[in-house]
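[1] what follows is a predicted protein model with its sequence.
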Amino acid sequence: MKIKSEKGIVGADIAIAVVVIFIFVSLISILIYNINSLSARVERMSEATYIAINEVEQLKIDGYDKYKDSMKNVNGGVVVDNEMVQEGYYKTITVIDYTDIEGNEDKTPGIVKKATVTISYMYKGEEEKVELSTVLSEGS
């Protein structure tokens, strides 16, 4: 009686190995793509935050008086500045009287202003924004 040898590789073994390797490589590539995508998003948001912080600090240095001549009324607030700050990043500065904010109607108007810096940018075809606010007083 002749016994068959079980040494060697069968076609089914190769097919299973190829499928397992394909699944593993696919999962790793999806994971790398997601990590890179998240990293790029965080980098864009960090840059926008850095720009917004610089703009708020500049607002504090310049004071409210510098901007009052160039104001345009928009939706109850006043747009002081609206321009591209850096390639792909746009800033909008709005200033409203503190008494126009809900809950502050009983305060004296014209003394304190709320300034909001909005930095907008595009990420994967969608607009994203970072907003920071500060308080300015007349004569500062």
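    That came through, no problem.

[2] for this structure, where's the lowest mean pLDDT among helices and strands?
    Least confident helix or strand of the chain, by mean pLDDT, DSSP states H and E, is strand 72-74 with a mean of 52.

[3] what pairs with Val112 across the strands?
    Counting by DSSP bridges, Val112 is bridged to Ser137.

[4] Val130: helix or strand, and which one exactly?
    Here Val130 sits within strand 126-137, counting by DSSP states H and E.

[5] er, Phe22 I mean
    Here Phe22, judged by DSSP H and E, is contained in helix 11-62.

[6] distance between that helix and the chain's centre?
    From the chain centre to the centre of helix 11-62 is a distance of 14 Å (C-alpha atoms, centre = their mean, to the nearest Å).

[7] that one to strand 126-137, inter-axis angle?
    Angle, helix 11-62 to strand 126-137, by axes from the mean of the first three to the mean of the last three C-alpha atoms, to 10 degrees: 20 degrees.

[8] what's helix 11-62 packed up against?
    Applying 3 or more C-beta pairs under 8 Å, 6 or more residues apart in numbering; DSSP states H and E, we find helix 11-62 packed against strand 77-86, strand 89-97, strand 112-123, strand 126-137. Where you see a C-beta, it was placed from the backbone N, CA and C, and this is true even at glycine.

[9] give me the mean pLDDT for the third one.
    The one in question is strand 112-123. Confidence over strand 112-123, taken as the mean pLDDT, stands at 88.

[10] residues touching that strand, excluding its own?
    The contact list for strand 112-123 (C-beta atoms under 8 Å, 6 or more residues apart in numbering) reads 40-41, 44, 47-49, 51-52, 55-56, 59, 64, 77, 80, 85, 88-98, 101, 127-138.

[11] now the last one
    Residues from elsewhere that reach strand 126-137 (C-beta under 8 Å, 6+ apart): 44-45, 48-49, 52-53, 55-56, 59-60, 63-64, 95, 98, 111-122.
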